[in-house]
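> what's the 3D shape of this:
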Amino acid sequence: MAISDGEMRALARLARLELSEAEMAAQHRYINALMRQFDVLRGLDLAGVPPTSQSIPLAAALRDDEPAESLGRDAVLANAPDITDGCFAVPRILEG
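Predicted coordinates:
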């Protein structure tokens, strides 16, 4: 399923791309090659293949959420660039 020149120009406009004629032609060839690959995938018989959400198995990237000892105030503030009254001091961003 190839896309037409008009569709390519519309895609470029929607993506707010300013492409020269040479760039437009190169991207048009690239997108049409990509669309041919999708046509190959559409032609596969996947009747017995169960749907998956991931193509490779993933392990949880986060640690288990278990209670632990928290840092004390002095340890937390030790690397702060500026401290006022035992709190982080940050620049004012609102007038008032």
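> Would you agree residue 8 falls within a strand?
No - assigned with DSSP: H, G, I helix; E, B strand; the rest coil, residue 8 falls outside any strand and is helix.
> my read: it touches residue 29, true?
No - assessed by Cβ atoms under 8 Å, residue 8 is found out of contact with residue 29, at 9.9 Å. Backbone N, C-alpha and C define where each C-beta goes, glycine included.
> more crowded one of these two?
residue 8 (19 against 11; other Cβ atoms under 10 Å).
> And the contacts of the lengthiest helix in the chain?
In terms of residue count, the longest helix belonging to the chain (DSSP state H) is helix 21-42. Helix 21-42 has contacts (Cβ atoms under 8 Å, 6 or more residues apart in numbering) with 1, 2, 3, 5, 8, 9, 11, 12, 19.
> Name the residues of that helix that are buried.
In terms of neighbour count (16 or more other Cβ atoms under 10 Å), helix 21-42 has its buried residues at 24, 27, 28.
> out of these, who's nearest residue 80?
residue 27 (49.0 Å; Cβ to Cβ).
> Report the central residue of the chain.
residue 54 (15.8 Å; Cα atoms, centre = their mean).
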